[in-house]
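Asker: no FASTA, just this:
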Ligand SMILES: [Zn+2]
């Protein structure tokens, strides 16, 4: 190991810790997600290359290996309780009166109140102060093992601070995604053509149940802890309030709006201010949890049926519900061509805002809920989340309602729509579809794609309205003389914009592929494709099978890419971009001194330790190439278990066949 590597690892850890602090504590991210990912992966690689550099407190130790197939079931050491609800002041008073009847000789005074976070409940097992397991709530008795995913959450301590913790205990917490993160996650999904999450809770719960902890880590979930179940050993706390202090001292995040009151009347008086506070919180919450403060009373009060404790209750604020009429169901075409149905509502006021539209997500949801045009429906609006239709009111039907059918043709351009097998969405495949154009051009100009400074929504809309452009190829025909004739366009900024558009011609193929907005082709996939095929021509002539052969590219991506290049209108667009003088190739990083310089390899079968992606990265880092099919130009086939036709082809072509150990030896990585 070199001193340089140790220094680099220390520097990377410092950068990552600093970025985490800025993101989680200061709520002011200093670096982009992409930059963060790059630092993180470099550190992972460095620690893989130099095992001596690994340390238990490295941020990489939060991310383990993906789970093979499904999450395992685990039984909680103590059942995870669920709370009863009180929706009115009277119901809260009735709760106290019930408790007074159960313990007539005790005066139950003293309550703690906490925000009820609307996330996903989890259980964390700590043994000797170290996190050993974590699970979803499941049915309260049996949950799913999500230990690897919980370890990626910065708010989950891997080792507890101080001491005084029971030797074996379960911590209860609520995992959530703040609104800002929710917006970020959905923007990413929109960019990659994936269906959007309806609310932060779904995004958090989905993030927890991933098989690959790297996906959980990128979602940047948060957690508040709120309870302890000691299994072996005792708690020093006598009240719930003290218990929250203990949790904070051990390193957990505690929601800050907790309060302590002497009587229930005081709690009731505070409820109004909580109700005003909740819409202003940076995360979704739906009420206040009221708990009897003295822990000894918890045991005496017990629970209803072993599941619902008598010593705690959720004073819930139902999101305001309004009833209105669905005037129509319309389709909005997104950048990737996804057809998004939405409801045109008779305007109605809800939570102080006039609402006249609500998302309907996709056709399956419309069918499941049986929402018809003309129906009276209940709608809710919670926090900053877009209004949603909860359910229709079938009793109010007059017989005039019409069932909705998704169109078979794009409502914006009349192209027949496609519905990929296994997907809930339909797509317009026409890249020049006016419904897709605005979003598409803005995406094309974004910094991760063609990076055209100064070309945002406002400008693109202006150019579209003036009839100057109708697709991305038209951008390259804009002149400064023409732009200055538009409103609000000074000669200087017109010149700068034309220069920025011109400069984008030099962007590599990977940026162009990402910019074209092919469904499922995000930044990473665009780079994989550009590196593998090298030129636009080679990629356009590749078969779906060739594309799915690229490590890291699955069948769904290959199908979407092949369909994109099969569309004649897309051919025409690409031809015009070529005429405009765009770079249609990916620069190859020269690896002058690589051990496998200029050699061509084919991977087949399952290798004992390396994934295909890892093997490809290693070969490419050493200057070699990995290709999808065996030919006489292939230097060697690296074969693993269950190798198929490629192995036979290699024998027929008399190509050398080696195993993983031999590959590693040639890479200078003998085990
Ligand atoms: Zn269309």
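Answerer: Alright, I've got the coordinates. The structure displayed is predicted, hence computed values, not measured ones.
Asker: Pairing partners for the closest residue to residue 371 other than its chain neighbours in the sheet, please.
Answerer: Excluding the flanking residues, the one nearest residue 371 by C-beta to C-beta, 6 or more residues apart in numbering is residue 392, at 5.2 Å. For glycine as for every other residue, the C-beta is placed from the backbone atoms N, C-alpha and C. Applying DSSP bridges to residue 392 gives these bridge partners: residue 377.
Asker: Residue 392: what's it in contact with?
Answerer: By C-beta atoms under 8 Å, 6 or more residues apart in numbering, the residues touching residue 392 are 326, 369-372, 375-377.
Asker: Next, work out how far apart it and the ion are.
Answerer: To the ion, residue 392 is 29 Å away according to C-beta to the ion, to the nearest Å.
Asker: cool, and residue 376?
Answerer: Applying C-beta to the ion to residue 376 and the ion gives a distance of 32 Å.
Asker: before we move on, what about residue 602?
Answerer: In terms of C-beta to the ion, residue 602 sits 40 Å off from the ion.
Asker: same question, residue 44
Answerer: Residue 44 is 42 Å from the ion, where distance means C-beta to the ion.
Asker: Doesn't that residue belong to a strand?
Answerer: No: the assignment for residue 44, made by DSSP: H, G, I helix; E, B strand; the rest coil, is helix rather than a strand.
Asker: Quick one: end-to-end length of stretch 409-419, please.
Answerer: Here the two ends of stretch 409-419 are set 11 Å apart, with distance taken as C-alpha to C-alpha, to the nearest Å.
Asker: Report the separation between the residue nearest to residue 371 and residue 372.
Answerer: Separation of residue 392 from residue 372 (C-beta to C-beta, to the nearest Å): 7 Å.
Asker: what's the pLDDT at the residue of the stretch 201-350 of the chain found nearest the ion?
Answerer: Nearest residue of the stretch 201-350 of the chain to the ion: residue 333, at 5.6 Å (C-beta to the ion). Residue 333 carries a pLDDT value of 85.
Asker: same thing with residue 318?
Answerer: Note on residue 318: pLDDT of 69.
Asker: Where in this protein is the helix or strand with the lowest mean pLDDT?
Answerer: The helix or strand of the chain with the poorest confidence is helix 612-621; it has a mean of 77 (mean pLDDT, DSSP states H and E).
Asker: ok, residues contacting it?
Answerer: By C-beta under 8 Å, 6+ apart, the list of residues contacting helix 612-621 reads 531, 551-552, 591, 594, 596, 601, 603, 607, 610, 625-626, 638, 660, 663, 667, 669.
Asker: helix or strand right after it?
Answerer: strand 625-627 (DSSP states H and E).
Asker: Would you mark the buried spots in that next one?
Answerer: 625-627 (16 or more other C-beta atoms under 10 Å).
Asker: now the residues you listed as TSV including distance to the ion and pLDDT?
Answerer: Below are the buried residues of strand 625-627 laid out as TSV (distance: C-beta to the ion, whole Å; pLDDT from 0 to 100):
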residue	distance to the ion	pLDDT
625	39	85
626	37	84
627	36	81
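Asker: picking up where we left off before, list the residues that contact both of residue 392 and residue 372?
Answerer: Taking C-beta under 8 Å, 6+ apart as the contact rule, residue 392 and residue 372 both touch residue 326.
Asker: And the buried ones among the contacts of helix 612-621, selectable in ChimeraX?
Answerer: Buried residues among the contacts of helix 612-621 (16+ other C-beta under 10 Å), as a ChimeraX selection:
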select :531,551,552,594,596,601,603,607,610,625,626,638,660,663,667
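Asker: Tell me where the stretch 301-450 of the chain has strands.
Answerer: Listed in chain order, the strands of the stretch 301-450 of the chain (DSSP state E, counting those that start in this stretch) span 303-304, 308-309, 312-316, 321-333, 339-350, 353-359, 376-380, 388-392.
Asker: Is the ion within reach of the fifth one?
Answerer: No: applying C-beta under 5 Å from the ion, one finds that strand 339-350 is not in contact with the ion, the shortest distance being 8.5 Å.
Asker: and that strand with strand 353-359, angle?
Answerer: Angle, strand 339-350 to strand 353-359, by axes from the mean of the first three to the mean of the last three C-alpha atoms, to 10 degrees: 160 degrees.
Asker: what packs against strand 339-350?
Answerer: Here strand 339-350 touches strand 321-333, strand 353-359, strand 376-380, going by 3 or more C-beta pairs under 8 Å, 6 or more residues apart in numbering; DSSP states H and E.
Asker: and if you look at the third one?
Answerer: Judged by 3+ C-beta pairs under 8 Å, 6+ apart, the packing partners of strand 312-316 are strand 84-86, helix 89-102, strand 285-292.
Asker: Can you list the neighbours in contact with that strand?
Answerer: 83-87, 92, 95, 116, 271, 286-292.
Asker: Of those residues, keep whichever come out buried.
Answerer: Among the contacts of strand 312-316, those classed as buried by 16+ other C-beta under 10 Å are 83-86, 92, 95, 116, 271, 286-292.
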